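Colleague: heads up, no residue letters with this:
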């Protein structure tokens, strides 16, 4: 039914066929749909995820920690295929009752700790290992300002702009215009901040950069929503472009961004990560030989 003729019913009912691509990843109720035990590897940290921007945040941080020789940051990254409903298993719901990736289980403590919501995982790991979050109170607060900015802003970029520009079954001019305006406002916020600072929260690379880059850095570099970078005139945000390109060159970012990735070039897909050698031996181009 076209948008100009749609009238909301008195009581809404769920039609699972509505919503276009990715419509099956959401439903209006919580809880598990089936019984399934999550796999566990040998490392202290068990990550259950998919290589979406929210998933990339965590694997980038873990790879950055490992690059600093933080041995306790070794991790197993198990693939959660959200298109197939893995996130609705009883095992996954026990780690994240919200049924969204990523979810982390820290087995290093006497009683395992579950951590869900990507921003919470970044903060948990930064505090646990003492890296990528400033010790100075003012600098720490500034980093957290931007971490929480991302957590509130990304749904407009992903569920708003990205959905209606790229995924919705029909192009709705009002929705695309509404979310494009907000996406461009957010890009301008970041561009102005980066005009005065090397990194998002100041002169030090932090979890704020790791949270924001998978969304806005990937967008700047043409890695989200087809030709969205052209549509949004990404090249005009020169400071944001500079930052996006600089972060993209970091080896840990190059590793972290492909973990649990199941699309794109086979060389940029590492479906599961259990050891550092997997980047050399287990990407899909190697597995398909």
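Modeller: That came through fine. This one's a predicted model, so the numbers in the text were calculated from it and none came from an experiment.
Colleague: which other helices and strands does whatever helix or strand residue 123 lives in contact?
Modeller: Secondary structure from DSSP states H and E places residue 123 in helix 118-129. If you count contacts as 3 or more CB pairs under 8 Å, 6 or more residues apart in numbering; DSSP states H and E, helix 118-129 packs onto helix 53-67, strand 103-106, strand 113-116, helix 137-155, helix 207-212. The way it works is simple: take the backbone N, C-alpha and C, and place the C-beta from them, glycine included.
Colleague: distance to residue 47, mean pLDDT and mean neighbour count for the ones you listed - can I get that in a markdown table?
Modeller: What follows is the helices and strands packed on helix 118-129, written out as a markdown table (distance: least, CB to CB, whole Å; pLDDT from 0 to 100; neighbours: other CB atoms under 10 Å):
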| stretch | distance to residue 47 | mean pLDDT | mean neighbour count |
| --- | --- | --- | --- |
| helix 53-67 | 6 | 98 | 25 |
| strand 103-106 | 5 | 98 | 23 |
| strand 113-116 | 10 | 98 | 16 |
| helix 137-155 | 18 | 98 | 17 |
| helix 207-212 | 14 | 98 | 28 |
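Colleague: pipe these into TSV and attach distance to residue 81 per row.
Modeller: Shown next, in TSV, are the helices and strands packed on helix 118-129 (distance: least, CB to CB, whole Å):
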stretch	distance to residue 81
helix 53-67	12
strand 103-106	14
strand 113-116	18
helix 137-155	22
helix 207-212	24
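Colleague: of all these, which one is nearest residue 281?
Modeller: Residue 281 sits nearest to helix 53-67 of all the helices and strands packed on helix 118-129, at 16.3 Å, using CB to CB.
Colleague: now the closest one against helix 118-129, angle please.
Modeller: Interaxial angle, helix 53-67 versus helix 118-129 (axes from the mean of the first three to the mean of the last three CA atoms, to 10 degrees): 10 degrees.
Colleague: quick check: angle from helix 53-67 to helix 137-155?
Modeller: Here helix 53-67 runs at an angle of 140 degrees relative to helix 137-155 (the same axes, to 10 degrees).
Colleague: could you point out which element follows helix 53-67?
Modeller: Using DSSP H and E, the next helix or strand after helix 53-67 towards the C-terminus is strand 75-79.
Colleague: quick one: that next one to chain centroid distance?
Modeller: In terms of CA atoms, centre = their mean, to the nearest Å, the centre of strand 75-79 is set 15 Å apart from its chain centre.
Colleague: ok, stretch 78-91 next?
Modeller: From the chain centre to the centre of stretch 78-91 is a distance of 16 Å (CA atoms, centre = their mean).
Colleague: biggest helix in the chain by residues?
Modeller: Longest among the helix segments of the chain by residue count, using DSSP state H, is helix 173-194.
Colleague: related to what we said a few turns ago, so which of the helices and strands packed on helix 118-129 is nearest residue 187?
Modeller: helix 137-155 (10.2 Å).
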